[in-house]
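> Sequence and predicted model, in that order:
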2 protein chains.
Amino acid sequence: MTQRSTIYEVARRSGVSTATVSRVMHSGTGYSAATRERVLATAAEIGWLPSGSARSLARRRAGIVGVLFPDLGASGDAEEESPLYVDQVIRGAERAATDAGDAVLIAATRGSSGRDLALSVATKVDGLVIVARSLSEADIAALGARLPVVVLSDHAGRRTSLDSVGVDNRNGIAALVEHLLDEHGYRDLVFVAGPRQSPDSSERFAGFRRTLLAAGLPAPTKPHAIGGFTEAGGARAVRELLADREPPDAIVCGNDEMAVGAVAALAELKLRVPADVAVTGFDDLAISRHLHPPLTTVAQPMRDIGAEGVRAVLARVADPTAPRHATVLATRLVLRRSCGCRSDGRTNR
Amino acid sequence: MTQRSTIYEVARRSGVSTATVSRVMHSGTGYSAATRERVLATAAEIGWLPSGSARSLARRRAGIVGVLFPDLGASGDAEEESPLYVDQVIRGAERAATDAGDAVLIAATRGSSGRDLALSVATKVDGLVIVARSLSEADIAALGARLPVVVLSDHAGRRTSLDSVGVDNRNGIAALVEHLLDEHGYRDLVFVAGPRQSPDSSERFAGFRRTLLAAGLPAPTKPHAIGGFTEAGGARAVRELLADREPPDAIVCGNDEMAVGAVAALAELKLRVPADVAVTGFDDLAISRHLHPPLTTVAQPMRDIGAEGVRAVLARVADPTAPRHATVLATRLVLRRSCGCRSDGRTNR
DNA sequence: TTTGCATACGTAAGCGGTTACGTAGCTACG
DNA sequence: CGTAGCTACGTAACCGCTTACGTATGCAAA
């Protein structure tokens, strides 16, 4: 490990000023070809690694955007984002940031420590992308007052002052329910919802209800069961549901994880999927196509959500006065066998 | 968005010097309780967010460690780390970094652009954790000469100058093969390997071979087939294999993804798993317990690998002269139905 | 009272880059 | 030949913190 060298060292050895070294590194003009070669050569020779901190300080731009997300594995099985989901969002964010020449810093909030972590991260970045439910509304608002912030999913269109990115939950579910109704002729559908306070969950239920009504079918005013977006919750919800009533034609779950639990619960009850009852999810996680049977679901463009998130904060970093913008991305219906379709992979929309 | 305020502003408004503000923020001593309150109050009042860049520059420590990994989704189906695997490593790294008061910056190398990306990231961090095959050996070595670097898996113990973290592939496979031999009585086992150049893959094969020899069985000198660590590769390998010979008792795959492909290929051939032929994997990805049948595999402590990685770089940042250290983590045998075991979940070791 | 030693600050010199300005040399043109 | 307009640099003033030192004040011990 060479002694950390500086731009002065490079300048001295190349017989130029630091300004010229800086220009060679980041500006396309202001130096001759010969000078450029000389500078580059000595930089390589002494293994100079420019100081990002110094550059950031001078430019008042870190070139880093932070992504805050809730940690799951940490606090047991609470109602949290699926790791598979968040990971994809992060990947998308990384991709967009790298494409823009920036980098992404990630931080998982765990329980109460979130606020301090967020503040600490905020000092190191130009803007923050916050995955739903990483932080309290108040904390998010406080951050939003200090630096560019965009909130992902479960908030899109609901917050008044911050940029947001989310998906079209209503139409996503609508397409799914229409499929169940029209292609399979199911009439008796039940909806297993996520957490009560989740806007995403509410919108999905709203889409469910609206579609049934549009088809002239009776529609419930509230979800048939609450599964809290977790596998265990989905299983529990189905068990409770079927203790009361005959199996429905189909169980529409608010997300894929609950669908996994639902399938398991149905197996316990000796009910076959989809022969006896169809099951669907929402998200299209990596595991979903491997389930038995493969899960019919509404795919969320998880990577795009992350990517749009960083694009949005970078846009705001560039122009802090731009009007607030809520991005809503489309979902895609993914037909697999759990809904009763024959073979996997047919998709729609 | 308030005007970006500085420590001078806070100092002025609190009637103290910047030194005192700095002390209040980061040192437990050097100020009275009253001063502390006053400073904290005005800081909150004007919404001051300290500049991480300035702090990093002054302290000569960014408080950030970078994680470099290969991107998969990007370049099609090349031989790359599974997203599920890398994501877990990243999670572990994030966890360890946060616990240490640092943050992690992530960057995915895609194809040839890796070298520049790595350099760019290197300017922003105190050290780098590099997931195997993100970069060429030469590039890794060059980085290692400029800042603390630790390499994860597929290298552990092999590189001479850099710290590394990996798993005990040999013993991991050995436990698995012993199980197949002793508990199930299988005698005819075949090994489907990952990429030829992969040290991880080689070690796994070595463990396979050694265990067969130890049991007094004939053992091949090279893998029966090469699957390249991908699902498609695993399927292809099995198809080619079974074109030549009778189905073996068990197919030991070099990783879980190849096992997925193997199971699919066997299904095409109307062979039942595990009734006709058992299949096993390596990694224990999130999808593996959902497969049909659930996959028996050797679990890698993916999060721990990431966590140990950042711990190792932080240790080296703290003491650059410490002797190189190679961490080798233990694996865990996960018994599920694909090997012929009755019910899921029994694990060993 | 003097001395000694904490404790609570303030001063100011960096940390390693960026960049607005200024200057010198050269070419082009009236 | 004078001058306008480039290009290729150098000078030096920041960027916003941290921290080594130095000073002042208070109090206990001598």
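Right, received. Where do you want to start?
> residue nearest the centroid of chain A?
A:Val89 (3.7 Å; CA atoms, centre = their mean).
> what's the helix or strand for the closest residue to that residue other than its chain neighbours?
Leaving aside its sequence neighbours, A:Val89 sits nearest to A:Gly306 (CB to CB, 6 or more residues apart in numbering or on different chains; 3.8 Å). To be clear about C-beta, it is placed using only N, CA and C from the backbone, and glycine gets the same treatment. Here A:Gly306 is covered by helix A:302-318, with elements defined by DSSP states H and E.
> just checking, A:Arg115 touches A:Ile140?
No: counting by CB atoms under 8 Å, A:Arg115 stays clear of A:Ile140, with 10.1 Å between them.
> Compare these two (neighbour count), which wins?
A:Ile140 (23 against 15; other CB atoms under 10 Å in any protein chain shown).
> secondary structure element for that one?
helix A:137-144.
> Can you point out the buried residues in that helix?
A:139-140, A:142-144 (16 or more other CB atoms under 10 Å in any protein chain shown).
> As PDB, could you dump the C-alpha coordinates of stretch A:237-250?
What follows is stretch A:237-250, C-alpha atoms only, in PDB (Å, rounded to 0.1, in the frame of the first residue of the first chain):
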ATOM      1  CA  ALA A 237     -55.600 -15.800   7.000                       C
ATOM      2  CA  VAL A 238     -56.500 -18.700   4.800                       C
ATOM      3  CA  ARG A 239     -57.000 -21.100   7.700                       C
ATOM      4  CA  GLU A 240     -59.300 -18.700   9.500                       C
ATOM      5  CA  LEU A 241     -61.200 -18.000   6.300                       C
ATOM      6  CA  LEU A 242     -61.800 -21.600   5.600                       C
ATOM      7  CA  ALA A 243     -62.900 -22.400   9.100                       C
ATOM      8  CA  ASP A 244     -66.000 -20.200   8.400                       C
ATOM      9  CA  ARG A 245     -66.900 -21.000   4.900                       C
ATOM     10  CA  GLU A 246     -66.700 -23.200   1.800                       C
ATOM     11  CA  PRO A 247     -63.500 -22.800  -0.300                       C
ATOM     12  CA  PRO A 248     -63.900 -20.000  -2.800                       C
ATOM     13  CA  ASP A 249     -63.100 -20.300  -6.500                       C
ATOM     14  CA  ALA A 250     -60.000 -18.200  -6.100                       C
END
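> contacting residues around that stretch?
Outside stretch A:237-250, the residues that touch it by CB atoms under 8 Å, 6 or more residues apart in numbering or on different chains are A:180, A:184, A:186-190, A:192, A:224-227, A:251, A:258, A:261-262, A:265-266, A:268-269, A:271, A:274, A:276-280, A:339.
> cool, and stretch A:148-157?
Stretch A:148-157 has contacts (CB under 8 Å, 6+ apart) with A:89, A:126-133, A:140, A:143, A:159, A:162-167, A:198-200, A:305-306, A:309, A:312-313, A:316-317, A:320, A:326-328, B:1.
> so of those residues, which ones are in helices?
A:89, A:140, A:143, A:199-200, A:305-306, A:309, A:312-313, A:316-317 (DSSP state H).
> can you list the residues you listed in JSON lines and add pLDDT and distance to DNA strand D?
Formatted as JSON lines, the ones in helices among the contacts of stretch A:148-157 follow (pLDDT from 0 to 100; distance: CB to the nearest atom of the strand, whole Å):
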{"residue": "A:Val89", "pLDDT": "96", "distance to DNA strand D": "30"}
{"residue": "A:Ile140", "pLDDT": "93", "distance to DNA strand D": "22"}
{"residue": "A:Leu143", "pLDDT": "95", "distance to DNA strand D": "16"}
{"residue": "A:Pro199", "pLDDT": "91", "distance to DNA strand D": "35"}
{"residue": "A:Asp200", "pLDDT": "94", "distance to DNA strand D": "37"}
{"residue": "A:Ile305", "pLDDT": "97", "distance to DNA strand D": "32"}
{"residue": "A:Gly306", "pLDDT": "98", "distance to DNA strand D": "29"}
{"residue": "A:Gly309", "pLDDT": "98", "distance to DNA strand D": "26"}
{"residue": "A:Ala312", "pLDDT": "97", "distance to DNA strand D": "24"}
{"residue": "A:Val313", "pLDDT": "98", "distance to DNA strand D": "20"}
{"residue": "A:Arg316", "pLDDT": "96", "distance to DNA strand D": "19"}
{"residue": "A:Val317", "pLDDT": "96", "distance to DNA strand D": "15"}
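> gap between A:Val86 and DNA strand D?
According to CB to the nearest atom of the strand, to the nearest Å, A:Val86 stands 31 Å off from DNA strand D.
> Find the helix or strand that that residue is a member of.
Counting by DSSP H and E, A:Val86 is found in helix A:83-99.
> ok, and for that helix, which residues are buried?
Neighbour-count burial for helix A:83-99 [16+ other CB under 10 Å]: A:83-98.
> Provide the count of other residues in contact range of A:Pro294.
Neighbour number of A:Pro294 under other CB under 10 Å is 20.
> Repeat that for the one 5 residues further on.
The number of residues packed near A:Ala299 is 21, by other CB under 10 Å.
> can you give me the strands in chain A?
Listed in chain order, the strands of chain A (DSSP state E) span A:64-70, A:103-109, A:127-131, A:149-152, A:163-167, A:189-193, A:225-226, A:250-253, A:278-280, A:297-299, A:326-329, A:332-334.
> mind listing what the fourth one pairs with, with the direction of each?
Pointing back at strand A:149-152 there. strand A:127-131 (parallel), strand A:163-167 (parallel) (DSSP bridges).
> Please state the offset of the first one from the chain centre?
In terms of CA atoms, centre = their mean, to the nearest Å, the centre of strand A:127-131 is found 10 Å from the chain centre.
> angle of that strand against strand A:64-70?
On the basis of axes from the mean of the first three to the mean of the last three CA atoms, to 10 degrees, strand A:127-131 is oriented at 20 degrees to strand A:64-70.
> still on that earlier bit, list only buried entries from the contacts of stretch A:237-250.
Buried, going by 16+ other CB under 10 Å: A:180, A:186, A:189-190, A:192, A:224-227, A:251, A:258, A:261-262, A:265-266, A:271, A:274, A:277-280, A:339, out of these.
> circling back to that earlier point, pretty sure the residue nearest to A:Val89 sits against A:Tyr85.
No: look at A:Gly306 against A:Tyr85 with CB under 8 Å: they stay out of range, at 10.2 Å.
> near DNA strand C, which residues of chain A?
Residues of chain A lying close to DNA strand C (CB under 7 Å from any atom of the strand) are A:4-8, A:17-19, A:21-23, A:25-26, A:48, A:50-51, A:54-55, A:57-59.
> Show me those that map onto helices.
A:7-8, A:18-19, A:21-23, A:25-26, A:54-55, A:57-59.
> neighbours of the residue in the stretch 151-300 of chain A positioned nearest to DNA strand C, just the number please.
The nearest approach of the stretch 151-300 of chain A to DNA strand C comes at A:Asp163, 25.6 Å away (CB to the nearest atom of the strand). Residues within reach of A:Asp163, counting by other CB under 10 Å, total 26.
> Is it correct that A:Ala219 is in contact with A:Ala206?
No: applying CB under 8 Å, one finds A:Ala219 not in contact with A:Ala206, separated by 10.4 Å.
> What parts of chain A come near DNA strand D?
Counting by CB under 7 Å from any atom of the strand, the residues of chain A close to DNA strand D are A:15-20, A:29-32, A:34-35, A:54, A:57-58, A:60.
> Could you single out the nearest of these to chain B?
A:Leu57 (4.1 Å; CB to the nearest CB).
> Can you give me every residue that contacts the closest one?
Counted by CB under 8 Å, 6+ apart, A:Leu57 has contacts B:51, B:53-54, B:57.
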